[in-house]
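Enquirer: this one's structure only:
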């Protein structure tokens with residue numbers, strides 16, 4: 001083994017010498033490779049601006065041209081006459097001054113027929129506006145049309161081009177002298193222009209979507225209901241892997257079942273309890289926090305988005321997503337809003353969601369605002385309480401982190417999932433166990449969501465079977 005390592009090391013050194021010789025041959029004798037340095041560039045945190053104006057805003061008329069003509073007569077002792085045309089381009093009749101209402105008789109052509117005009121009465125320059133599309137965004141501060149500057153995967157970025165925009169001027173005037181010097185050197189550290197993001201994500205908020213079909217027809221399984229309850233108890237409640245659960249069933253109970261059959265049972269049960277999890281009439285509080293954690297599916301990192309009622313200890317959202325982006329955040333927050341409407345019949349006023357510093361939640365907030373759904377997002381950034389926000393909301397961030405650790409305790413024995421269906425099913429059953437079956441020390445050892453039919457049963461396998469029955473019954477009643 002040592003001989004192989006020595007040989008590979010000598011081969012690597014020889015390859016390095018060959019690369020160095022080729023670089024000198026190409027770039028000259030003075031070639032020196034640059035030392036690799038890890039650079040940590042600071043960028044401005046994401047700030048979400050208010051929504052733009054859609055469709056060109058009308059120009060507010062400042063004066064009445066008749067009054068201005070009278071003021072001119074009194075001041076100069078003569079009448080201000082209309083424009084005397086000496087050839088050239090005559091403005092059309094629709095070239096009416098938008099600032100004072102003067103007709104085209106008092107309007108000059110200002111740029112050789114290219115569409116700009118000059119009012120003789122109020123001394124304003126204007127152009128005849130073409131009808132704009134209703135969805136074209138305009139800056140709400142200066143009424144300039146926003147420019148498309150970037151095309152992202154799922155949204156376009158628009159920015160106000162006006163250097164004299166009130167928004168930009170306020171941002172610049174609020175800077176200290178040191179910030180202004182830094183702005184000249186590194187403008188990317190500051191956000192000084194109005195920005196709007198136009199999303200391509202077509203999703204109906206507050207609707208029921210993304211249901212999936214089970215792989216196994218549960219009524220045709222060969223195992224008895226009690227055996228099914230035992231399997232779910234070992235595999236979900238005690239976080240025992242599929243293979244160890246199969247071995248435990250045989251060694252302790254004498255029931256021979258393969259690990260793949262257990263996986264099929266899991267994938268069949270999950271969609272049957274999912275309607276109960278998603279639409280159960282929970283009693284919720286006004287304290288909600290969210291975060292995402294990692295899992296592996298087919299060797300690739302995926303993300304589980306949890307939102308949690310910190311007071312009632314109820315999991316409100318449990319989305320398994322391939323990407324950690326604003327689309328995933330939108331879906332997760334939508335789950336929370338659906339459950340809040342089920343509890344309060346409307347989205348509570350001044351709803352505040354506590355998250356970490358990930359900007360995807362602010363983008364999700366902006367997307368919901370475009371659909372006239374409003375709530376606040378408070379971000380707890382860092383590990384120390386460096387500001388008042390972190391000091392006040394740090395406990396909620398710690399609560400969602402403890403939920404992540406609890407989930408990771410159940411996930412760790414799996415060492416990852418072989419299919420996305422298995423990941424979704426496992427997370428769904430974990431949430432069913434956490435919300436309906438697991439006593440929580442944070443609420444004096446009580447179960448977060450109490451179902452009387454489950455409390456009357458003597459042991460956990462029977463509770464799992466009853467939970468499946470209630471889920472199927474709930475789905476049939478809602479379908480009807």
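Expert: Thanks, I have the structure now. Just so you know, these numbers come straight off a predicted model, no measurement behind them.
Enquirer: and the residue nearest to the spatial centre of the chain, how far is that from residue 152?
Expert: Ranked by distance to the mean C-alpha position of the chain (CA atoms, centre = their mean), the top residue is residue 326 at 2.7 Å. Separation of residue 326 from residue 152 (CB to CB, to the nearest Å): 10 Å. In this view, the C-beta of every residue, glycine as well, is placed from N, C-alpha and C.
Enquirer: Also residue 22?
Expert: Separation of residue 22 from residue 152 (CB to CB): 39 Å.
Enquirer: Give me the contact list for the helix or strand where residue 394 lies.
Expert: Assigned by DSSP states H and E, residue 394 belongs to helix 388-411. The contact list for helix 388-411 (CB atoms under 8 Å, 6 or more residues apart in numbering) reads 236, 239, 287, 289-291, 293, 295, 304, 306, 308, 310, 315, 354, 356, 378-382, 384-385, 426-427, 430, 434.
Enquirer: and that helix, how far out from the chain's middle?
Expert: 19 Å (CA atoms, centre = their mean, to the nearest Å).
Enquirer: wait, doesn't the residue nearest to the centre of the chain sit right on residue 153?
Expert: No: counting by CB atoms under 8 Å, residue 326 does not reach residue 153; the two are 10.0 Å apart.
Enquirer: can you pull the contacts of residue 455?
Expert: Counted by CB under 8 Å, 6+ apart, residue 455 has contacts residue 447.
Enquirer: ok, now with 10 Å
Expert: 447, 463 (CB atoms under 10 Å, 6 or more residues apart in numbering).
Enquirer: just residue 151 next, same as before
Expert: By CB under 10 Å, 6+ apart, the residues touching residue 151 are 157, 198, 200.
Enquirer: ok, 8 Å please
Expert: Contacts of residue 151 (CB under 8 Å, 6+ apart): residue 157.
Enquirer: residue ranges of the strands in the chain, please?
Expert: 53-54, 107-109, 116-119, 125-127, 137-138, 147-151, 155-159, 195-199, 288-297, 300-309, 314-321, 352-355, 376-379 (DSSP state E).
Enquirer: Output those in a markdown table; the columns should cover distance to residue 3 and mean pLDDT.
Expert: A markdown table is the format used below for those (distance: least, CB to CB, whole Å; pLDDT from 0 to 100):
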| stretch | distance to residue 3 | mean pLDDT |
| --- | --- | --- |
| strand 53-54 | 73 | 87 |
| strand 107-109 | 90 | 85 |
| strand 116-119 | 83 | 86 |
| strand 125-127 | 82 | 78 |
| strand 137-138 | 68 | 91 |
| strand 147-151 | 55 | 93 |
| strand 155-159 | 57 | 93 |
| strand 195-199 | 59 | 92 |
| strand 288-297 | 36 | 95 |
| strand 300-309 | 37 | 96 |
| strand 314-321 | 48 | 96 |
| strand 352-355 | 55 | 95 |
| strand 376-379 | 56 | 93 |
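Enquirer: Can you say which of those strands is nearest to residue 270?
Expert: Minimum separation from residue 270 across the strands of the chain (CB to CB) falls at strand 314-321, 11.1 Å.
Enquirer: which residues sit against the closest one?
Expert: Contacts for strand 314-321 (CB under 8 Å, 6+ apart): 282, 284, 288, 290, 295, 297, 302-309, 327-328, 331-333, 335-336, 339, 403, 420, 423-424, 427-428, 430-431, 434-435, 448-449.
Enquirer: Run the angle between that strand and strand 288-297 for me.
Expert: 40 degrees (axes from the mean of the first three to the mean of the last three CA atoms, to 10 degrees).
Enquirer: can you state the direction angle for strand 314-321 and helix 388-411?
Expert: On the basis of the same axes, to 10 degrees, strand 314-321 is oriented at 70 degrees to helix 388-411.
Enquirer: Direction included, what does strand 314-321 pair against?
Expert: Counting by DSSP bridges, the strands paired with strand 314-321 are strand 300-309 (antiparallel).
Enquirer: The strand it pairs with: which residues count as buried?
Expert: For strand 300-309, a neighbour-count test (16 or more other CB atoms under 10 Å) marks 302, 303, 304, 305, 306, 307, 308, 309 as buried.
Enquirer: among those, which two are most distant?
Expert: The widest separation within the buried residues of strand 300-309 (CB to CB) is 24.0 Å, between 302 and 309.
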